[in-house]
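*Asks:* Task: produce atomic coordinates for the following.
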Amino acid sequence: MSIKENDVVFLLGAGCSFDAGIPTVNKMVEDIENSLLKNKDEWKGLQDLYFYIKSAILYADGIFGKFHNTVGIEKIMNVLSELEKKEKNLVYPFIANWNNRLIDLAGANFEGIRKLKKLITTQLINWIKLEDYRAADYYRHFYEFQKEVGKSIRVFTLNYDLCFEYAKPHGSELELGFDENRTWNSLRFDSNNQDIEAGIYLYKLHGSITWKRDKDQGHILKSSVHPEEEPDLIFGTDTKLQSIDPYLFYVYEFRKYTLESKIIIVIGYSFSDEYINNLIKQSLEHKPERVLIVVDIRQDEEKVKSEIQAALKLKSSSQIVIYSKSAKEFLENDLTVTEISKYLPKVEDAFL
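*Replies:* Predicted coordinates for the structure are as follows:
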C-alpha cells in the first residue's frame, strides 16, 4: 500500500539529535550541576539560587505525587522566565509575598534570576551548536524517505538545533518558513502556494538558535545565518506558545496534520510536554485506526509503552508501536516506505 500526502507526520524530540552529539535536556542539567556550577566563576555565585529553583520544582511535583519526575533544562528555563516577570506575572496579585529565601538568593529586583537565565541561554547555544555537522548526517534519511514517498511531508521538531538544515542533500527542498529577506511568512507552509516547492516542511515548535526578533520592524521574526546571542526560543508551555507567531501557527498546524495523518512517528521525545501530549491524545482518540510509532532507545518495550499510555492518558496502548533503538538506527534501517506502510489501515475508507 502506498503512502499518500499527509499520511505520515513526524514529531522530533531531543533524543533525535543525541547521536549527533547534542546532549538531552536532562544531560544539560547534569552538566550544569557537575561542571559549570563547580568550575566556572560566573556560575559559582548562583549555585544556591539554582539549587533553590530546582528544589522548588521537585517540591511542586511531589505535591501531586510525581516523585519520579526529572527536571530538564526546559522546565528550569520556563520557571526562570515566569519568575523574571516578577510583579508583571499574571498571578502576582494573588501572592501575598515572594518567598524570603528567594529574595535573599535572587536579590530584591530578581537580578540573580535574569543572570542565571542569561548564562543558561548562552550555554544552551554552546551545547546545541556543533563544530562538525557530519555527525548529524543520519538526518538525510528524512529526505530520502520523502523522495521515496514522492509527496511532501511535514516534520515538527521541539529542538533548537540545525541538524535538519545541515543534513539536507543537494537537490532536496526544505521549507523553514522564511522568504528571500529572511523574514518569516506563514503562507510558505501552504501546500497550495505555487511559489513554494517543498519536499519537507519543517516546523520548529520551540524556535531555533538562528531566530531573532527585529525590534525595529514590529518584532517580526527573522532568520540569521549564524546562531544569535539571544535567540528567539520558548521553553515548554511558555506564554509565547499561545500568543505569538510562528508558535501559535505551528501548534495549529501540528493539530491539523496529526488529525489528518494515518501514522504519527515520534522520535526521541520524552512525552513531558503536556501541551503536545494533549494534541497527540486528541489525534489518537479521534481515529482508533491511527498508529503512533515511537522510537525510544530503552529496551523494555512494554514499560515504555505503558509510560506513554499513562503520559497521554489513553485507555489502551493498542495504537502504540515501539521501536527500541536509537534515532540513528531507526532512520538508517527502518525509515522506508516498505516498513512504514505496514502500519497503514487495511481498510482504505477508515479515515473517510
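*Asks:* Helix, strand or coil: sort out the residue of the chain most remote from its centre for me.
*Replies:* Distance from the C-alpha centroid of the chain, by C-alpha atoms, centre = their mean, peaks at Ala96 (35.0 Å). Of the three states, Ala96 takes coil under DSSP: H, G, I helix; E, B strand; the rest coil.
*Asks:* Looking at it now. What's its pLDDT?
*Replies:* If you check Ala96, the pLDDT there is 70.
*Asks:* same deal with Asp238?
*Replies:* Confidence score, pLDDT, at Asp238: 53.
*Asks:* Next: the one 5 residues further on.
*Replies:* Looking at Ser243, its pLDDT stands at 72.
*Asks:* quick one: it from Asp7, how far?
*Replies:* To Asp7, Ser243 is 32 Å away according to C-beta to C-beta, to the nearest Å. In short, each C-beta sits where N, CA and C put it, glycine included.
*Asks:* Check Lys212 too.
*Replies:* Lys212 sits 35 Å away from Asp7, going by C-beta to C-beta.
*Asks:* same check, this time on Thr258
*Replies:* 12 Å.
*Asks:* coming back round to it: pick out whichever of Ser243 and Asp7 has more residues nearby.
*Replies:* Set side by side, Ser243 and Asp7 show more neighbours around Asp7, with 21 against 9, by other C-beta atoms under 10 Å.
*Asks:* Against Lys303, how distant is that one?
*Replies:* Remark: distance between Asp7 and Lys303 (C-beta to C-beta) = 29 Å.
*Asks:* cool, and Tyr133?
*Replies:* Per C-beta to C-beta, Tyr133 is found 34 Å from Lys303.
*Asks:* And Gly171, by the same measure?
*Replies:* To Lys303, Gly171 is 42 Å away according to C-beta to C-beta.
*Asks:* Check Leu314 too.
*Replies:* Leu314 is 16 Å from Lys303, where distance means C-beta to C-beta.
*Asks:* Which pLDDT value goes with the residue nearest to Ile280 when sequence neighbours are not counted?
*Replies:* Leaving aside its sequence neighbours, Ile280 sits nearest to Leu312 (C-beta to C-beta, 6 or more residues apart in numbering; 6.0 Å). Leu312 is assigned 97 on the pLDDT scale.
*Asks:* More neighbours: Leu314 and Lys303, which one.
*Replies:* Leu314 (17 against 12).
*Asks:* show me what contacts Glu148?
*Replies:* 336-337 (C-beta atoms under 8 Å, 6 or more residues apart in numbering).
*Asks:* Would you mind measuring from it to Arg114?
*Replies:* Per C-beta to C-beta, Glu148 is found 48 Å from Arg114.
*Asks:* can you check Ile120 too?
*Replies:* As defined by C-beta to C-beta, Ile120 lies at a distance of 11 Å from Arg114.
*Asks:* Could you do Leu12 as well?
*Replies:* For Leu12, the distance to Arg114 equals 31 Å [C-beta to C-beta].
*Asks:* The two: who's more crowded?
*Replies:* With neighbours defined as other C-beta under 10 Å, Leu12 and Arg114 compare such that Leu12 has more, 27 against 16.
*Asks:* Hmm, the more buried one is touching Asp161, no?
*Replies:* No: here Leu12 does not reach Asp161: they are 9.9 Å apart, not a contact under C-beta atoms under 8 Å.
*Asks:* tally of neighbours for Lys313?
*Replies:* 11.
*Asks:* give the contact list for the residue nearest to it when sequence neighbours are not counted.
*Replies:* Leaving aside its sequence neighbours, Lys313 sits nearest to Lys281 (C-beta to C-beta, 6+ apart; 6.1 Å). If a contact means C-beta under 8 Å, 6+ apart, then Lys281 has 312-314 as its contacts.
*Asks:* which residues does the residue nearest to Ile280 contact?
*Replies:* Counting by C-beta under 8 Å, 6+ apart, Leu312 touches 271, 277, 280-281, 284.
*Asks:* Go through these and say which is closest to Asp296.
*Replies:* Here the nearest of the contacts of Leu312 to Asp296, counting by C-beta to C-beta, is Phe271; it sits at 9.6 Å.
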